[in-house]
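# Quick one, structure for this:
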Amino acid sequence: MNTAAAGQTRIVIRTPQGAIEERGVEGRTLSIGKDEACDIVIKGWSIGKRHAEISFDEDGPQVVSVNQVVGVNVNGRRIKSYGPLSSRDEIQVGGYSIYVVGGAGAKKSAAQDSPPPPLPDAAGAQGPHARPAPGGSREPAPRAVPAEAAPPGRPPMPGAAPLPAEAPPRAGAAKAPPQDIYLPWRIKVHDAVIALMDVRRTDITTMSDEELRAATNAMVYLALPDLGLPEEIDVGELARQVVAEAVGLGPLEPLLQDEAVTEVMVNAHNEIFIERAGRITRSEVTFSSPKAVLGAIERIVAPLGRKIDESSPMVDARLKDGSRVNAVIPPLALKGPCISIRKFPVRRLYGEDLLKFGSLSPQMLQFLSFAVEQAQNMIISGGTGSGKTTLLNVLSNFIPDTERIVTIEDAAELRLHQPNLVSLEARPANSEGKGGVPIRELVRNALRMRPDRIVVGECRGGEALDMLQAMNTGHDGSLTTAHANSARDMLSRVEVMVLMAGMDLPVTAIREQIASAVNLVVQQTRFKCGSRKITAITEVTGVESGTIQMQDLFVFKPEGFGEDGRVRGQFVATGAIPEFIEELRAAGIRTPPLSIFDAPDAHD
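This is a model prediction of the structure:
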């Protein structure tokens, strides 16, 4: 090998501890072993004095195993000799990983392996797939996986400036072609990465999420050269998409990171809809296949100890940020696996945020915060997607830090910040129908946990009876939500849910329990334009002639729709003063000014 060639060839070594060493090549043969006379000295009980040799000739670098007892592996397979080596081939000796990078002697193997396009330089500029050689011919440009992207236990492939573990799109990616152009290439790269993992016998079961992403990202770049990507494909963006779909949530990841998106709905692998600013639109992104959707579902439910398969084709779960997830798979889902994700804000919401959203008036917020502080039992009522859980989160912030709170939910969504807090989550039954712990049992158990307040994410069945019992036995200020279209319907539904508990109670007794336990019903409504507003705050005043008596304190009066298509209207007080306000004033407790309950002048 000539001097120029030797100067261009490099040996990269990664020790079992992860340290990286790099050296040039001198001569036509390199010896590897623990003898100090070897060109590459590596230590270890399984390494021979002269363990292997790398030779350089016209056909490219060759590796030969000298120690046949322990041997040498290349790309996870035992070899006696192997060559020509490319910069992608990993020589494994006693926990060390060795790569031969570049060099004229490796030209044949490099040409056969179709090296990937060069990674961005220090300025972030992306080079072409091959650079013109003198005389107009094209010579593949050497590149390798950066150290940050190398899989755990693997050496980096030098030859380019470092990139993060998931390479960001290059400058100007905002002008990239439509996203669907990536779909066929994403499928090809994904298949190639799976094949490469199989060849290398990669054990992903012991890797953390970060390690798995780094390893997958590295293999993406190793798989790219054989594909012949067109110039309009952004390599960094393609790698990000493949890694996201292989080990993450695929095309859902950027949607979940978008704070403006409040709901993500996957109807099929190629049909994804999102809700933004209260309006539902179809997203341009898609999954590559139904199998990719199923993989994303399994990655969501596995950390929670839940499973989804043909025997259990439906599941409720949550993401790390608390967002609620529901998934259904075939045979129930005819178009393929589908996912519904109800996102929650990344940051903590306060009452001022509800004012900014136009969900209520300052007077209503002042009253609700005071009612929570004064331990009034409250039910938040509304339809699906009306914002009940968000409102419950905000109102829970007004609970004093001195009180002990127990929250109970099907899938943990509430994010309270009081110091004395216990969060409980129901557990579904296993495939044999055993081991389930429903909300009702958790509510009964919570009574033994010395709570000042019990917050139930949503009442759907017999737990309503236990919730009423708790409200009537000293746990004032408890909060819950339920589905109903009005405050009156809400109380009727509570009656039905109490009957679902299996107790043969007369309706009169149930209504007396409800009137005694519930102080306020807050009605939340989602309008067709996507706006979410509190349309009524209603006080429960008692039972008369077998009918629960109620009075509206605040209501929202719609006044049509504006030019932007949004509902217009006013939040007004009815003039009724809550009975508990009068009782508190009589006891000498400071309350909000009664003027907030004044009805507007009829002549205004």
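
# Give me the nearest residue to the residue most central in space within the chain, chain neighbours excluded.
Centrality entry for the chain: nearest residue to the mean C-alpha point is Leu319, 4.9 Å, by Cα atoms, centre = their mean. Nearest residue to Leu319, sequence neighbours excluded (Cβ to Cβ, 6 or more residues apart in numbering): Val325, at 6.3 Å. Every C-beta, even on glycine, is put in place using the N, C-alpha and C of the backbone.

# I'd guessed that neighbour sits against Ile339; true?
Yes - using Cβ atoms under 8 Å, Val325 is in contact with Ile339, at 6.6 Å.

# ok, how many other residues are close to Val301?
Burial of Val301, expressed as a neighbour count using other Cβ atoms under 10 Å, amounts to 18.

# So the nearest residue to it once chain neighbours are set aside, which state does it fall into?
Closest residue to Val301 apart from its sequence neighbours, by Cβ to Cβ, 6+ apart: Ala317 at 4.8 Å. Assigned state for Ala317: strand (three-state reduction, DSSP: H, G, I helix; E, B strand; the rest coil).

# Just to check, Ala317 is in contact with Arg299?
No - with contact defined as Cβ under 8 Å, Ala317 does not count as touching Arg299 (10.4 Å).

# Between these two, point out the one with more neighbours.
Ala317 (22 against 14).

# coming back round to it: residue contacts, the residue nearest to Leu319?
300, 316-319, 339-342, 411 (Cβ atoms under 8 Å, 6 or more residues apart in numbering).

# Mark which of those residues are buried, thanks.
Buried members of those, counted by 16 or more other Cβ atoms under 10 Å: 300, 316-319, 339-342, 411.

# Looks like Ile510 contacts Val496 (just checking).
No - Ile510 is not in contact with Val496 according to Cβ under 8 Å; the separation is 9.5 Å.

# what's next to stretch 477-484, contact-wise?
Under Cβ under 8 Å, 6+ apart, the answer for stretch 477-484 is 372, 374-384, 388-389, 392, 395-396, 399, 403, 452-460, 464, 467, 470-471, 490, 492-494, 497, 523.

# So which of these belong to strands?
Mapping the contacts of stretch 477-484 onto strands (DSSP state E) picks out 378-382, 453-456, 523.

# who wins for neighbours among the residues you listed?
Ile379 (31 neighbours).

# which one's the longest strand in this structure?
If you go by DSSP E, the chain has its longest strand at strand 547-561.

# Tell me which stretches of the stretch 401-550 of the chain form strands.
405-409, 421-425, 453-456, 479-483, 520-526, 532-544, 547-561 (DSSP state E, counting those that start in this stretch).

# The third one pairs with which strands?
Take DSSP bridges as the rule and strand 453-456 pairs in its sheet with strand 405-409 (parallel), strand 479-483 (parallel).

# ok, now the second one?
Looking at strand 421-425 with DSSP bridges, its paired strands and their directions are strand 405-409 (parallel).

# Could you do the longest one as well?
Taking DSSP bridges as the criterion, strand 547-561 pairs within the sheet with strand 532-544 (antiparallel), strand 567-573 (antiparallel).

# Could you list the residues in contact with it?
Outside strand 547-561, the residues that reach it (Cβ under 8 Å, 6+ apart) are 360-361, 363-364, 367, 487-488, 491, 511, 514-515, 521, 525, 529, 533-543, 567-574, 576, 578, 597.

# Low-confidence ranges, this protein, go.
The model of the chain has pLDDT under 70 over residues 1-8, 18, 68-70, 102-180, 196-209, 226, 431, 601-604.

# let's see 50
For the chain, the stretches with pLDDT under 50 are 1-7, 104-179, 602-604.

# end-to-end on stretch 262-274?
Start-to-end span of stretch 262-274 (Cα to Cα, to the nearest Å) is 8 Å.

# Give the burial count for the closest residue to Lys335 other than its chain neighbours, as a bare number.
Residue nearest to Lys335 in three dimensions, not counting chain neighbours: Ala268, with 4.1 Å by Cβ to Cβ, 6+ apart. Using other Cβ under 10 Å as the criterion, Ala268 is surrounded by 16 other residues.

# So for stretch 525-543, what gets flagged as buried?
525-527, 530-540, 543.

# let me redo that: stretch 27-38
Those would be 30-34, 38, for stretch 27-38 by 16+ other Cβ under 10 Å.

# How far does that stretch stretch from one end to the other?
End to end - Cα to Cα - stretch 27-38 spans 13 Å.

# Run the chain-centre distance for it.
Its chain's C-alpha centre and that of stretch 27-38 lie 49 Å apart, by Cα atoms, centre = their mean, to the nearest Å.

# Can you list the neighbours in contact with it?
In contact with stretch 27-38 (Cβ under 8 Å, 6+ apart) are residues 1, 6, 11, 39-44, 47-57, 66-67, 93, 98.

# just stretch 184-195 next, same as before
Under Cβ under 8 Å, 6+ apart, the answer for stretch 184-195 is 216, 219-220, 223-224, 226-227, 229, 233, 238-239, 241-242, 245-246, 288-289, 292.

# one more time with 6 Å, if that's ok
For stretch 184-195, contacts defined as Cβ atoms under 6 Å, 6 or more residues apart in numbering pick out 219-220, 223, 227, 233, 238, 241-242, 288.

# Export it to CSV, keeping only CA atoms.
Output in CSV follows, covering the C-alpha atoms of stretch 184-195 (Å, rounded to 0.1, in the frame of the first residue of the first chain):
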residue,chain,number,x,y,z
PRO,A,184,-41.9,5.1,0.1
TRP,A,185,-38.3,5.9,1.3
ARG,A,186,-39.3,5.6,4.9
ILE,A,187,-40.6,2.1,4.2
LYS,A,188,-37.5,1.0,2.4
VAL,A,189,-35.1,2.4,5.1
HIS,A,190,-37.2,0.9,7.9
ASP,A,191,-37.0,-2.6,6.3
ALA,A,192,-33.3,-2.2,5.7
VAL,A,193,-32.8,-1.2,9.4
ILE,A,194,-34.7,-4.3,10.6
ALA,A,195,-32.5,-6.5,8.3
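
# returning to what we had before: so what sits opposite the residue nearest to Val301 in the bridge?
Under the criterion used here (DSSP bridges), Ala317 is bridged to Val325.

# give the contact list for it.
Counted by Cβ under 6 Å, 6+ apart, Ala317 has contacts 300-301, 304, 325.

# Much appreciated, bye for now.
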